[in-house]
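let me see the structure of the following:
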Amino acid sequence: MTPPPATQGNGLVDPELVHPADVADCLRQLAEFSDRYRPMLARSDQERHLGVYLEGLVSGLERKSIEPIANAHDMPRRPLQRFVGEGSWSDVKMRTEMQRHVVEEIGSPEGIFILDGSGFPKMGDDSVGVGRQWCGRLGKVDNCQVGVFIAYSAPRGMTLLDTDLALPESWVDDPARREKTHVPASVEYQTNWELADALLQRVGHRVPHAWVTGDDEFGRPSKFRDRLADRNERYLLEVPSNTLVRKPPSWPGSKAKWCKVEKRKKRRRRDKWQRFTVRDGEKGPIEVLAFCTRVVTRRERAPAREETLLVMRTIDDTETWYFLAPKGTALDTECLVRVASHRHHVEQIFGMAKGETGLDHYEVRSWVGWNHHMTLSMLALWFLVLERRRLQKKHQR
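Next up, the predicted model:
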């Protein structure tokens, strides 16, 4: 379940603001934008391919994969295919430079990292990392690839920062498939939350932020929450309704009995819930009721820990969300509701990335190809975020 979105002034600009007269200027801006990233390439002939591919990703092409982009630019498909599918340039360097750029333009100590997985349905079993696994896009287990992403939501904008492909266990011990799709020998099986943890450690020291949030795929594993707490990361992660908690033993009259957070919600007196408006909807303000409290959370093979529980529900009580934050988190329900609501922003970000910069339009099969396409699509998304901010300022004058 996804909580209602926050009232953050960083939504994407209405496409109607982009007038025909802006198109030529947009291309000039894209060329200037690309100049920053050309030094990250390995060879000079790749510079033209970077510009062509980025232009194709932000264009109005219905399908933003290699062949349609090459055809639109009246160039052979094969050179562009080599650039994306096997080009010897570094995704790490390109993404690192993009993250520096993000910090310069929209970086904020109030920024929030949003963790999320995204499935990419695929036919056959030749594409790297493909397998029968949960695909959120389809809402079921199906043949797909899964990427774990870290997004950034800050007062001045939001975008994707980094990603890793989740390699299923069936691939890890299959040398033939690994060799065929050029999976590096250093890549081992990691759960999605372990991939998310690696992303945070890679990006966290570079991009200012106040919170880490995500759905129950990342909140459910107590090991992940404990790692974040031990690194002094402030997290607010959704957990399932059957998560076991009890009152802190220091509380007067505490019997220290375990119960599900769902039951903890039902015990809360009606007059103890606070009401908040999280955003303005088409039919008026969208409101929730919420409360937060100290709890001790259970672990299977580790000592219990104290955390902060946030419970948030719709006014009609048709949906409820449960979140955990580290021990010592201020019992500021309004603040926690605001942070929790940021999770909705990742849907907006993916909507733009898949709808406007071809995040899911790739037809490459190799490890390098998947990562190259993701890097370039995230780069194109970042360009559109900047361009829409520029156009918004222009048309507000």
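
roughly how far does the residue lying closest to Ser90 once chain neighbours are set aside sit from Gln29?
Distances taken as Cβ to Cβ, 6 or more residues apart in numbering place Met40 nearest to Ser90, at 6.7 Å, with adjacent residues excluded. For the C-beta atoms, the positions are set from N, CA and C on the backbone; glycine is no exception. Shown here: Met40 relative to Gln29, a distance of 19 Å by Cβ to Cβ, to the nearest Å.

the two: which has the busier surroundings?
A direct count of neighbours by other Cβ atoms under 10 Å for Met40 and Gln29 places Met40 higher, at 20 against 16.

residues contacting that one?
Residues near Met40 by Cβ atoms under 8 Å, 6 or more residues apart in numbering: Trp89, Ser90, Lys93, Met94, Glu97.

ramachandran angles for it?
phi -80, psi -10 (degrees, to the nearest 10).

repeat that for Glu363.
With angles defined as degrees, to the nearest 10, Glu363 sits at phi -130, psi 20.

neighbours of it, how many?
For Glu363, the neighbour count with other Cβ under 10 Å is 15.

buried stuff in the longest helix along the chain?
Longest helix in the chain by number of residues (criterion: DSSP state H): helix 367-396. Neighbour counts over helix 367-396 (16 or more other Cβ atoms under 10 Å) mark 367-389, 391 as buried.

same question, stretch 129-148
Under the neighbour-count criterion of 16+ other Cβ under 10 Å, stretch 129-148 has Gly129, Val130, Gly131, Gln133, Cys135, Asn143, Cys144, Gln145, Val146, Gly147, Val148 buried.

mind listing which of those residues are in strands?
Gly131, Gln133, Cys135, Asn143, Cys144, Gln145, Val146, Gly147, Val148 (DSSP state E).

I'd like those as a markdown table, with pLDDT and distance to Pro208 appended.
Below are these laid out as a markdown table (pLDDT from 0 to 100; distance: Cβ to Cβ, whole Å):
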| residue | pLDDT | distance to Pro208 |
| --- | --- | --- |
| Gly131 | 90 | 37 |
| Gln133 | 88 | 34 |
| Cys135 | 80 | 33 |
| Asn143 | 88 | 39 |
| Cys144 | 91 | 34 |
| Gln145 | 94 | 31 |
| Val146 | 95 | 28 |
| Gly147 | 96 | 24 |
| Val148 | 97 | 22 |
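
output the buried residues of stretch 129-148 as JSON lines; include the columns distance to Glu262.
As requested, those are arranged in JSON lines below (distance: Cβ to Cβ, whole Å):
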{"residue": "Gly129", "distance to Glu262": "35"}
{"residue": "Val130", "distance to Glu262": "36"}
{"residue": "Gly131", "distance to Glu262": "33"}
{"residue": "Gln133", "distance to Glu262": "27"}
{"residue": "Cys135", "distance to Glu262": "27"}
{"residue": "Asn143", "distance to Glu262": "34"}
{"residue": "Cys144", "distance to Glu262": "31"}
{"residue": "Gln145", "distance to Glu262": "34"}
{"residue": "Val146", "distance to Glu262": "28"}
{"residue": "Gly147", "distance to Glu262": "31"}
{"residue": "Val148", "distance to Glu262": "28"}
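
what about the residue nearest to Ala304 when sequence neighbours are not counted, which SS state?
Computed as Cβ to Cβ, 6+ apart, the closest residue to Ala304 that is not its neighbour in sequence is Val296, at 5.0 Å. Three-state assignment for Val296 (DSSP: H, G, I helix; E, B strand; the rest coil): strand.

what sits against Ala198?
Listed by Cβ under 8 Å, 6+ apart, the contact partners of Ala198 are Asp164, Gln190.

if I look at it, how far off is Val245?
Taking Cβ to Cβ, one finds Ala198 at 28 Å from Val245.

pLDDT at the residue nearest to Ala304, what is it?
At Val296, the model reports a pLDDT of 96.
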